[in-house]
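S.K.: Compute the structure for the input listed below.
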Amino acid sequence: MVIRLFFLCLLLFVFNSNVFTQSLNFGVSLEEISIENSPSLHSGAYAKWDNKWILIGGRTNGLHGFLPPFAFPSSGINNAIYIVDPLNNQTISTSTNILPNQIEEAITCSNMQFYQQDSTLYMLGGYGWSDSINDFKTFNTLTIIDIPSLVSNIEQQVDINTCFRQISDSALAVCGGALQKIDSTFYWFLDINLMGDMIKKYREVFLLKNIQIRLEHLNCKMME
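M.R.: Down below sits the predicted model:
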């Protein structure tokens, strides 16, 4: 019943979108720009602050493979936090290895969910390698990042540890999908939970219902 309802809503959305767009007349143009030393990344998180782009996590090796044990090689992990200034054609970065292991692993994974609210970036879940268990995992963490402090500290080349806070809960173990916010409640949906090697074990848990979280500083209340 839940699946049927979901696809019915999806079909109604597509139909209404087609009807709406037929009445619009507009064009879209794209201009390619080249920014010096900007990284090649995908499947990470990003934020915007003071006309700069903050790029965290994801992978550097393009489309991942599909045969174990080479699907997500460690050589493709993005172990840096980038600050890209498109107006001044500049890119600076700092290594993530100066962070505690638990935080570094969580923010260097891929396909995490993320959401920026004002000066705060929320990064949730994600899939990647964990040295602590010597295996791949879906991370069960919520990392909260103070964006202005992070940008300032990287620019001044000072410690960035104080820019991060983190909590963990089994309900946060998701990757893919989307994270959005309505009023004071965060919603994440259409996620998967991958355990171990994605292909060899191939155990996927699809979360078919939305889960809500209400954040009050670092206290999370889980509501189903």
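
S.K.: And stretch 108-122, end to end?
M.R.: One end of stretch 108-122 sits 14 Å from the other (CA to CA, to the nearest Å).

S.K.: again, but for stretch 83-99
M.R.: Length of stretch 83-99, first residue to last, CA to CA: 17 Å.

S.K.: I would like the residues contacting that stretch, please.
M.R.: Applying CB atoms under 8 Å, 6 or more residues apart in numbering, the external contacts of stretch 83-99 come out as 33, 35-39, 51-55, 79-82, 104, 107-108, 151, 154-155, 157, 159-161, 164. Where C-beta positions appear, they are placed from N, C-alpha and C, glycine not excepted.

S.K.: Narrow the residues you listed to those in helices?
M.R.: 104, 107, 151, 154-155 (DSSP state H).

S.K.: Generate a PyMOL selection restricted to the buried subset of those residues.
M.R.: Here is the PyMOL command that picks out the buried ones among those, judged by 16 or more other CB atoms under 10 Å:
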select buried, resi 104+107+151+154
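
S.K.: Determine which two of the ones in helices among the contacts of stretch 83-99 are furthest apart.
M.R.: Spatial extent of those (CB to CB) is set by the pair E104 and E155 at 20.5 Å.

S.K.: before we move on, back to that, please indicate which of the contacts of stretch 83-99 are buried?
M.R.: The buried subset of the contacts of stretch 83-99 (16+ other CB under 10 Å) comprises 38, 52-55, 80-82, 104, 107-108, 151, 154, 160, 164.

S.K.: Nearest to A173 among these?
M.R.: Comparing the buried ones among the contacts of stretch 83-99 against A173 with CB to CB places I107 closest, at 15.5 Å.

S.K.: Look up how far E31 lies from that closest one.
M.R.: 31 Å (CB to CB, to the nearest Å).

S.K.: From I144, how far out is W129?
M.R.: Counting by CB to CB, the gap from W129 to I144 is 23 Å.

S.K.: cool, and T94?
M.R.: 18 Å.

S.K.: And Y187, by the same measure?
M.R.: With the distance defined as CB to CB, Y187 ends up 17 Å from I144.

S.K.: What sits closest to I144 if chain neighbours are left out?
M.R.: If the residues on either side of it in the chain are set aside, I144 comes closest to R165, at 4.5 Å by CB to CB, 6 or more residues apart in numbering.

S.K.: With K181 instead?
M.R.: Once flanking residues are discounted, K181 sits nearest to Y115: 5.9 Å by CB to CB, 6+ apart.

S.K.: for the one you found, what are its contacts?
M.R.: Listed by CB under 8 Å, 6+ apart, the contact set of Y115 reads 121-122, 179-181, 186.

S.K.: now for those, which pair is the farthest apart?
M.R.: Checked with CB to CB, the contacts of Y115 reach their widest spread between L121 and Q180, with 14.2 Å between them.

S.K.: Mind checking which of those two has more residues around it?
M.R.: Neighbours were counted for L121 and for Q180 using other CB atoms under 10 Å; L121 has more, 24 against 13.

S.K.: and that one, what are its bridge partners?
M.R.: Q116, I145 (DSSP bridges).

S.K.: Make residue 1 into 468 and carry on from there
M.R.: With 468 as the first residue, the last one maps to L588.
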